[in-house]
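[1] Fold the following and give me the result.
(one chain, ligands or ions: 1)
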Amino acid sequence: MVLAELGGSISRALQRMNNAPTIDEKVLGELINEIARALLQADVDFKVVADMRSNIKKIVNLDDLAAGHNKRKIIQQAVFNELCKMLDAGKPSYTPKKGKPSVTMFVGLQGSCICWVQCSGKTTTCTKYAHYYQKKGWKPALVCADTFRAGAFDQLKQNATKAKIPFYGSYMESDPVKIALEGVERFKEENCDLIIVDTSGRHKQEAALFEEMRQVYEATKPDLVIFVMDSSIGQAAFNQAQAFKQSVSVGAVIVTKMDGHAKGGGALSAVAATKSPIIFIGTGEHMDEFEVFDVKPFVSRLLGMGDWSGFMDKIQDVVPMDQQPELLQKLSEGQFTLRIMYEQFQNLLKMGPIGQVFSMIPGFSSELMPKGHEKESQAKIKRYMTMMDSMTNEELDSTNPKIMTESRMMRIARGAGRPMIEVMDMLDEYKRLAKVWGKMKGLKIPKRGDMSALSRNMNVQHMSKVLPPNMLKQIGGMGGLQSLMKQMGSSKDMMGGMFGGGGDR
Ligand SMILES: Nc1nc2c(ncn2[C@@H]2O[C@H](COP(=O)(O)OP(=O)(O)OP(=O)(O)O)[C@@H](O)[C@H]2O)c(=O)[nH]1
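    Residues are numbered from 1 along each chain as shown. Next comes the predicted model:
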């Protein structure tokens, strides 16, 4: 989970405030101090923290609040809004359009002194960016114009080949402008609609680096310039982002290594202060550990309130269209079978890192899914699927729990090469999920493809029956669920998103 330490500290401080018998100046003061401490520990600039403190005190003027006001809710909302304000750098003025050829230039400033050069992660991030859009139907291509760093082309080539993305570079040519131009021309001829140019991140002198960047910029006339920075530099990101903002007109920022560094909060707030829009964050080495940076869902996940829209977006990416109507039909008849569980496990594994997905589900906060457990959860799901591969169709499609006799379980254990106890664990997990999803029985199923009708039926009552009680409690009961669904807004077709139907993202 990104910024787990910061998020955990703030949500625990809010929890303590919620548990206080009365809300007075002392309780409010303690809350603000704890949040300020957590932000300073995350390397957020002192002045930004001071502004946040005074803003919250201004908004939550306890004396003015008439009796009966839900002070807890007002304070929680004020903290949420101030965190969003701190991290919101606005939206980039340019986003690629599918089918319309565009050039995106990646730059990074690792500084001239080789001793403190950080690997910003730019070369890896170029491929993550291409891969993200490829999954959404774009035709990306990668051009390696980094002729300074030995091995840059090999690395880009390796990443691009793994992601099945066309690439262009040269071992012979040392002029980055020439390579960039040739690559862009070639991929325009091949009708690629997202041409990504990776430039040198390092140089002996910073002036040479800037000059090279300017020449490549003039030659390729990019529609967007993306500045990649490593979150570990914390609030020092301000100067770099400021310099970048002043040197290019159409810019955006990607902050990498948000998974590994406690100073990520400082980096994000520093970039936001320069009003350079942050569009993605890197959250690991894996190609899929790359997330759109949307402030509200990000802060919502930071505080353990989840991010349904991001989760639905993920589901929409992976639940095949042809699976939905049949799946919905079965769920509406209360038929949650082992085969359905198997198919949903397959989809879940396609969504990318489990932690990333779970952190989007309300209640699945970082404490419930610490970093180490993600790999373990992933491995457990794969073991469950191996056991289900040893089941007969009758066993997979039956909803009669009595069908699973001891001899069948022994056969499955032998077939999967797993101990009997694990088969029993898997069946217990199935029964738990069947109980949760069984509550969707009676849902009115829209005609094929019209998922928006479903989300109109899926009101708070339905959702509260589907969510496990502890999760419902974590998001603040029915009230919390109500405000969470309001956050989704009517344009977010929640259940439609879950089953790949309507709604916009
Ligand atoms: N944990 C983590 N590692 C990352 C992330 N992004 C990149 N990396 C790793 O950081 C290391 C350096 O990444 P590169 O892409 O090689 O960075 P670089 O090429 O040195 O950067 P430039 O020289 O500016 O091109 C690699 O091992 C990447 O896998 C991230 O978000 N999280």
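
[2] what mean pLDDT does stretch 40-50 have?
    pLDDT averaged over stretch 40-50 equals 92, rounded to a whole number.

[3] Give me the contact list for it.
    3, 5-6, 9, 36, 39, 86, 234-235, 238, 262-267, 269-270, 273 (Cβ atoms under 8 Å, 6 or more residues apart in numbering). Backbone N, C-alpha and C define where each C-beta goes, glycine included.

[4] make it 10 Å
    Residues from elsewhere that reach stretch 40-50, judged by Cβ atoms under 10 Å, 6 or more residues apart in numbering: 3, 5-7, 9-10, 32, 35-39, 51-52, 85-87, 231-238, 261-270, 272-273.

[5] how far does it stretch from start to finish?
    10 Å (Cα to Cα, to the nearest Å).

[6] Please apply the same query to stretch 414-423.
    Taking Cα to Cα as the criterion, the two ends of stretch 414-423 lie 10 Å apart.

[7] partner strands of the strand or helix carrying Phe106, parallel or antiparallel?
    Secondary structure from DSSP states H and E places Phe106 in strand 103-107. Its sheet considered, strand 103-107 pairs with strand 194-199 (parallel), strand 224-230 (parallel) by DSSP bridges.

[8] ok, the residue lying closest to Val103 once chain neighbours are set aside - contacts?
    Of all residues not flanking Val103 in the chain, Pro222 sits nearest, at 4.4 Å (Cβ to Cβ, 6 or more residues apart in numbering). Counting by Cβ under 10 Å, 6+ apart, Pro222 makes contact with 94, 102-107, 180, 184, 195-197, 216, 248, 250-251.

[9] most neighbours, which of the residues you listed?
    Compared across the contacts of Pro222, Ile196 has the highest neighbour count, 32 neighbours, by other Cβ atoms under 10 Å.

[10] To which secondary structure element is Lys431 assigned?
    Going by DSSP H and E, Lys431 is in helix 420-438.

[11] And that helix, what's buried?
    Across helix 420-438, burial judged by 16 or more other Cβ atoms under 10 Å covers 422-423, 425-427, 430, 433-434, 437-438.

[12] helices or strands next to that helix in the packing?
    helix 324-332, helix 338-350, helix 371-388, helix 406-416, helix 460-466 (3 or more Cβ pairs under 10 Å, 6 or more residues apart in numbering; DSSP states H and E).

[13] quick one: secondary structure of Cys144?
    strand (DSSP: H, G, I helix; E, B strand; the rest coil).

[14] Neighbours of it, how many?
    28.

[15] same check, this time on Met385
    Neighbour tally, Met385, other Cβ under 10 Å: 17.

[16] Over to Leu87?
    A count of nearby residues for Leu87, using other Cβ under 10 Å, gives 21.

[17] roughly how far apart are it and the ligand?
    To the ligand, Leu87 is 18 Å away according to Cβ to the nearest ligand atom, to the nearest Å.

[18] Contact partners for that residue?
    Leu87 makes contact with 44, 265, 268-269, 271-273, 278, 293, 295-296, 298-299, 302, according to Cβ under 10 Å, 6+ apart.

[19] Same check on Ala236?
    The contact partners of Ala236, taken as Cβ under 10 Å, 6+ apart, are 43, 229, 263, 266-267, 270.

[20] Sort those residues by pLDDT and name the bottom one.
    Lowest pLDDT among those: Lys263, 86.

[21] Give me the nearest residue to it, chain neighbours excluded.
    Nearest non-adjacent residue to Lys263, counting by Cβ to Cβ, 6+ apart: Gly234, 3.4 Å away.

[22] Give the burial count for the one you found, as a bare number.
    Gly234: 22 neighbours (other Cβ under 10 Å).

[23] So which bits of the stretch 351-500 of the chain are right by the ligand?
    Applying Cβ under 6 Å from any ligand atom, one finds that the stretch 351-500 of the chain does not approach the ligand at all.

[24] thinking again about what came up before, a markdown table for the buried residues of helix 420-438, including pLDDT and distance to Met17?
    Formatted as a markdown table, those follow (pLDDT from 0 to 100; distance: Cβ to Cβ, whole Å):
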| residue | pLDDT | distance to Met17 |
| --- | --- | --- |
| Glu422 | 92 | 43 |
| Val423 | 94 | 45 |
| Asp425 | 88 | 38 |
| Met426 | 90 | 41 |
| Leu427 | 92 | 42 |
| Tyr430 | 87 | 39 |
| Leu433 | 76 | 34 |
| Ala434 | 79 | 38 |
| Trp437 | 68 | 35 |
| Gly438 | 67 | 37 |
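
[25] Look at the residue nearest in space to the middle of the chain and tell me its secondary structure.
    Taking Cα atoms, centre = their mean, the centroid of the chain lies closest to Glu291, which sits 4.0 Å from it. Recorded secondary structure, Glu291: strand (three-state DSSP).

[26] Also Gln242?
    helix.

[27] Quick check: the residue lying closest to it once chain neighbours are set aside vs the ligand, distance?
    Leaving aside its sequence neighbours, Gln242 sits nearest to Thr274 (Cβ to Cβ, 6+ apart; 4.8 Å). Separation of Thr274 from the ligand (Cβ to the nearest ligand atom): 20 Å.

[28] Quick one: the strands in the protein, in order.
    103-107, 140-145, 167-168, 194-199, 224-230, 251-256, 278-282, 290-292 (DSSP state E).

[29] Looking at the contacts of Ala236, which is nearest Gly121?
    Met229 (8.9 Å; Cβ to Cβ).

[30] contacting residues around that closest one?
    By Cβ under 10 Å, 6+ apart, the contact list for Met229 reads 108-110, 118, 120-122, 125, 236-237, 240-241, 244, 253-257, 267, 270-271, 276, 278.

[31] No further queries at this time; thank you.
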